[in-house]
Structure formats: C-alpha cells, structure tokens
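1. just coords:
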C-alpha cells in the first residue's frame, strides 16, 4: 500500500476510534419529555418541608428545614405577566415559586404545554426563590421575615415590566420590612429590600437571597457533555457543581448541612442551571458577600445562597439593598445583554465546555449566520463552508502533496524493487526522494485530524445551546438538536406505520435519510483514490463509511448535516486540487474496481 493510502487509513482509523469511544462511553441521552409531568401535581403531604433560611444558622447553631403549615398552599398570590413569563408570587414568604416560560414548549408540537420553571411547595418538585434578612445584633429570629412569613400586598396588583409590586410585613416589635419586586421584558427580576427601624435600639441584619430545589430535577440528563447543577461565578472564577458532588460536601456546622462556602470580595452570582433554563441570584456589584451551595440530606433539598454584608440600622433609620434574580431561558443574546449591563461574566453561565475557545466563536458565527439566513440548517451548512475556507490553505498543501505522491508512485515501486527485503535501505531511499521532491507523506492526515476538535466543539454547541433546541430546517427535520426522525423502516414516511422509537435497537438499524447520505458521502470521498492492495486494509476502508453511518445515526441531526456538508466540500476541494496538479482521480473506475469480484489466485 502506498504512503498516501496508509496516511489516510491511519487518520480515518484514529478519527473512528475517537468518535466510537465517545459514542460508547457517552451515548446521547434520551430527551423525551412526558407532557403529563410538565407541571408537578400537588403533594398529598399535609406539612411539606421548606428550605432553611440563613438566619437559622447564625452564631454556629444548626440550621434545620422547617415544616410548612397546611395553609401555605392557600396563601394569596400576586400574578406575574410579561412577554416572556407567566406565574405568581406567594405571599407566604414572598416566594417567587410559580413561573413558566411563555415562548417555549415541551415539544415541537405547537399545542404542547409551555415549559414550567419554578414550582411551589406542595407540588411534586418544589423549586423557588426566597429573599430576606439574616438577623444580627438587636434582632431575634421572630424579628425578621422567614420563608413562611405572611406578607401583605402594599402596592401593585400584577407584576409586569410597567407595574412593580411592593410587599410589606411588620414584626411583633414594630420593625417594618418592605420588598419591592420589579421585572423586565425578559427574565430578570430586581428585588429591593428595605428595613425601617422603628425601635429605640440599633439593629443589624444581613440581606440574603436563596434558591431551593427539592430533590434532583425530574428530567436530569446525567450526560457527560452537559453540566446540570450549581453554576457560580466568584471574582472571575467559574464553578460548576453537579448534584452528586453536592451530596459529598463536608458537613458545615454553621450551615447545618453539607455545604461549600465561598467568600466573594467584589462580583459574582450563584444558582442552578438545567439543560436550557437557569435560576441565578445576583447581588449588588462591587460588594463583598458570602456565597453558599449546600445540600440538606434529611429533607433532600439542594440550596444556593447569597448572604450580603451586614447593615447597621440606627433608630429611625431605613436601610435598603438591591438583589437581582435571573429566572428563565439561557438565550445567548439575552444573557450577553445582561453581562453588558453589569452582570460579571454572565455569558459563562452557558456550558461552553473545555474547548470554550472553539465553542464560543463557533456559536457566535452560527448565531449571526442564522440571523442573516433565518434557517439554522442552512446556517450550519454556511458555517461548514466558512470553516473549510479557513482550513483551505492547509487542505491545499495536503492535496497537492497527495497529488505529487501519485505522480511519484512509479518511482516508489522502483525503489521497492531495488531495496527488496532491506527495510532500512527502503526507508532511507524513500526519505531521500521525499526530500528531493519536497513531499510530506504525513500531510494527508492533517485535514482529517483537524476536523476532530471542530466536530466535538460543534457537537457541544448543537447539544447545549438553546438556539438549536427545536430549530427547524426543512421537511421532516424540525428539530436539529434531535436525531433524524425519518427511517428506512417506513421508507421515510411513505408507508403508514410509524418509525421505530428513538434510542431503540430498531432505530439504530433502520437509519434515516441523513445518516444514509453521510455514509454515501464518505464512500464517495474514499473513491478519489484506488483501494489499498492489501486485502485487510481494503476491507477496513470498505466498511468504514457504513460503520460511521450507523454510529452517527443517533446523533443530533444538525451535527450530521454538518458532516455531510463537510464531506461534500472536501470531495470537491480534493478533486479540483488534484486535477490542477495534473492528476485526474478516476472516481468511477475506483467504484467499478471496488464492486468487481477479486480474481482468485493460487495453484490448483
């Protein structure tokens, strides 16, 4: 076998081994959602547990979860209505605990339920945000509002971008607390908490904001490529903590739970991130605060907290502090705008992964192409063209070298005849010829190997970013983040019976249109060169496209679109460059020879 085929075989085999290993170790997760479980039903438990508040852990005493009274589910509510959100605030604790995303549905069906983000205590999966004050000097636990304090609505009726609401509570000692809540057109709440000291004593208290999640999310993917759990920024350092890791925290006595406490000197935020949604508490910028991620094993509650610096309130004085809450979809443009308005490094809340230096620019380019073209499928193909254009100088040198190797084939055969079984002489003369003709036999590997990090980075972008979720292309391909919905089983929809369910063995066998086109494009690319003379190597080459075809059939269809476009462009580039160098690839001749039965040899 000549060096050209050998290099191509090595590069292709290496790519195959890496992708196969990735596929076996980290198979794509099942993404099916049961619409009936979109909004968790109410629990039958009369007194459900509720999150521990920071004030319960002061002075080294143990924090415990509290038992919510039965009437908590019947507490009055304040409606939330914006262009993006719909929900309500419970006056029991003033909790933001009922929130849905109006612009996102569970499936591509326009009649499916909208996505529910936050759920109240008493539902199957409570998930909510609470704000308050941790008591300091001059204040007891009863002098500050808790997660169950009965607030009253002082002003406003429905929380909307043009209509903030104000909640009011007066402690038994006469201290007045107010909480003004504002919301913008997207997903950011602004909470202004004030404390009015009507006593004759100097008081001190620390404002806090917490997010509590009872149990792990029901739709947790547990997929290596995706982070789900705590996401936090502390003075420029990003932290990502999985739910499993939170259960392994050391017990912190002052927190009364397994916890990880971080002192932040200036800027940061902390919360929970899902696949496409996120809730995050953001304290005032350029102020120190305590950042806590903790897990209470007894109640199975995951919790993140922001406890800001203690404020001193003199008699007759009023102190206030502002905190932000992001609760919504991880839209790149929206999060970028919040970052530009002052939320430190907020764009890093999107899981860009280890190869962020590739995933960030790839997504940026794909996003702007989609804005220009208006179709994510064609944008992926346009992205492929741009990537191939950027890699063209490298590809040109490689294909020119491959063409020269073809021209040198007769001379290589002569060297082999002269060297005979002398491997050292053969290697020496080959190297002298390469040096004289200025040919690099290893250059044929580079274009294929360069595609590996790009492939994985694009896979990350397609799987993780919200903009690819339910992104349509054409025909049956209405969600490029999901596998090809077509199947040979029903002849791509022409027969009346349904295709096999995604993730099953039948779905793997009866592939769709896109994987089939992928296999054909790889097969045609191989036919630019004659098959290796060695039977074993020829067999490997013959099977490679079809193995890739079945292996990648379960991947996101957007990724398969990229691979097909990449193979097509590569075939065209290589064909034209090799012809420009005086070598005309015999594609049809190579196809005929590959299907023609091999002549039998041997003595009778």
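-> That came through fine. Worth saying up front: this structure is predicted, and the values here are computed from it rather than measured.
2. Please identify the helix or strand for the residue lying closest to residue 392 once chain neighbours are set aside.
-> Distances taken as C-beta to C-beta, 6 or more residues apart in numbering put residue 573 closest to residue 392, at 7.2 Å, once the chain neighbours are dropped. Where you see a C-beta, it was placed from the backbone N, CA and C, and this is true even at glycine. Under the criterion of DSSP states H and E, residue 573 resides in helix 557-580.
3. Please identify the buried residues of that helix?
-> With burial defined by 16 or more other C-beta atoms under 10 Å, the residues of helix 557-580 counted as buried are 557-571, 573-575, 577-578.
4. on that earlier part again, quick one: residues contacting the residue nearest to residue 392.
-> 388, 392, 395, 399 (C-beta atoms under 8 Å, 6 or more residues apart in numbering).
5. Recalculate using a threshold of 10 Å.
-> Neighbour list for residue 573: 388-389, 391-392, 395-396, 398-399, 447 [criterion: C-beta atoms under 10 Å, 6 or more residues apart in numbering].
6. distance of it from residue 545?
-> 18 Å (C-beta to C-beta, to the nearest Å).
7. State the number of residues packed around residue 475.
-> By the measure other C-beta atoms under 10 Å, the count of residues near residue 475 is 12.
8. surely it meets residue 486?
-> Yes: assessed by C-beta atoms under 10 Å, residue 475 is found in contact with residue 486 at 8.5 Å.
9. Mutual contacts of these two, please.
-> 492-493, 513.
10. Switch those over to TSV; also include secondary structure and pLDDT.
-> TSV is the format used below for the shared contacts of residue 475 and residue 486 (DSSP: H, G, I helix; E, B strand; the rest coil; pLDDT from 0 to 100):
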residue	secondary structure	pLDDT
492	coil	76
493	coil	73
513	helix	91
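11. any idea which of those is the one closest to residue 247?
-> Minimum distance to residue 247 across the shared contacts of residue 475 and residue 486 is 43.9 Å, recorded for residue 513 (C-beta to C-beta).
12. Please list the outside residues in contact with the one helix or strand residue 334 maps to.
-> Secondary structure from DSSP H and E places residue 334 in helix 332-340. Counting by C-beta under 10 Å, 6+ apart, helix 332-340 makes contact with 84, 184-188, 278, 280, 282, 324, 326, 328-329, 331, 343, 345-350, 360, 363-364, 367, 371, 465-467, all of which sit outside it.
13. what's the spacing between the nearest residue to residue 328 once chain neighbours are set aside and residue 280?
-> Using C-beta to C-beta, 6+ apart and skipping the chain neighbours, the partner closest in space to residue 328 is residue 187 (2.6 Å). Note on residue 187: its distance to residue 280, by C-beta to C-beta, is 10 Å.
14. what about the helices in the stretch 401-550 of the chain?
-> Counting by DSSP state H, counting those that start in this stretch, the stretch 401-550 of the chain has helices at residues 409-419, 423-437, 446-464, 505-509, 513-526, 535-551.
15. what about those helices, which gets the closest to residue 589?
-> Nearest of the helices of the stretch 401-550 of the chain (C-beta to C-beta): helix 513-526, 13.4 Å.
16. tell me what the closest one is packed against?
-> Helices and strands in packing contact with helix 513-526 are listed as helix 3-25, helix 535-551, helix 557-580, helix 587-595; criterion 3 or more C-beta pairs under 10 Å, 6 or more residues apart in numbering; DSSP states H and E.
17. how about TSV for the helices of the stretch 401-550 of the chain, with mean neighbour count added?
-> Shown next, in TSV, are the helices of the stretch 401-550 of the chain (neighbours: other C-beta atoms under 10 Å):
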stretch	mean neighbour count
helix 409-419	13
helix 423-437	13
helix 446-464	20
helix 505-509	14
helix 513-526	21
helix 535-551	16
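18. Dump the ones you listed into TSV; add distance to residue 223 as well.
-> Compiled in TSV, the helices of the stretch 401-550 of the chain are given as follows (distance: least, C-beta to C-beta, whole Å):
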stretch	distance to residue 223
helix 409-419	47
helix 423-437	45
helix 446-464	8
helix 505-509	18
helix 513-526	21
helix 535-551	17
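19. To residue 156, which of those helices lies closest?
-> Proximity to residue 156, assessed across the helices of the stretch 401-550 of the chain by C-beta to C-beta, is greatest for helix 446-464 (37.4 Å).
20. Tell me the helices and strands packed up against that closest one.
-> helix 3-25, helix 356-373, helix 376-390, helix 392-407, helix 557-580.
21. ok so, going back, nearest to residue 180, of the helices of the stretch 401-550 of the chain?
-> helix 446-464 (35.4 Å).
22. what angle do the closest one and helix 557-580 make?
-> 160 degrees (axes from the mean of the first three to the mean of the last three C-alpha atoms, to 10 degrees).
23. what mean pLDDT does helix 446-464 have?
-> Taken as a whole, helix 446-464 carries a mean pLDDT of 82.
24. now stretch 92-102
-> When pLDDT is averaged over stretch 92-102, the result is 96.
25. Now do the domain split for the protein, please.
-> The chain breaks down into these domains under automatic domain parsing: 49-347, 362-595.
26. Among these, which comes closest to residue 354?
-> Relative to residue 354, the nearest member of these by C-beta to C-beta is domain 362-595, separated by 9.1 Å.
27. A strand includes residue 192, no?
-> Yes: assessed with DSSP: H, G, I helix; E, B strand; the rest coil, residue 192 lies in a strand.
28. all numbers from here: first residue = 54
-> Noted, 54 is the first residue going forward, which turns the last one into residue 245.
29. give the contact list for it.
-> For residue 245, counting by C-beta under 10 Å, 6+ apart, the contacting residues are 184, 217, 219, 231-235, 373-376.
30. Taking these together, which two end up most distant?
-> When the contacts of residue 245 are compared pair by pair using C-beta to C-beta, the farthest-apart members prove to be 217 and 374, with a separation of 16.2 Å.
31. Give me the more crowded residue out of the two.
-> residue 374 (22 against 16).
32. Each with direction, which strands does the host helix or strand of that one pair with?
-> Per DSSP H and E, residue 374 falls inside strand 371-382. Partner strands and pairing direction for strand 371-382 (DSSP bridges) are strand 241-249 (antiparallel), strand 330-335 (antiparallel).
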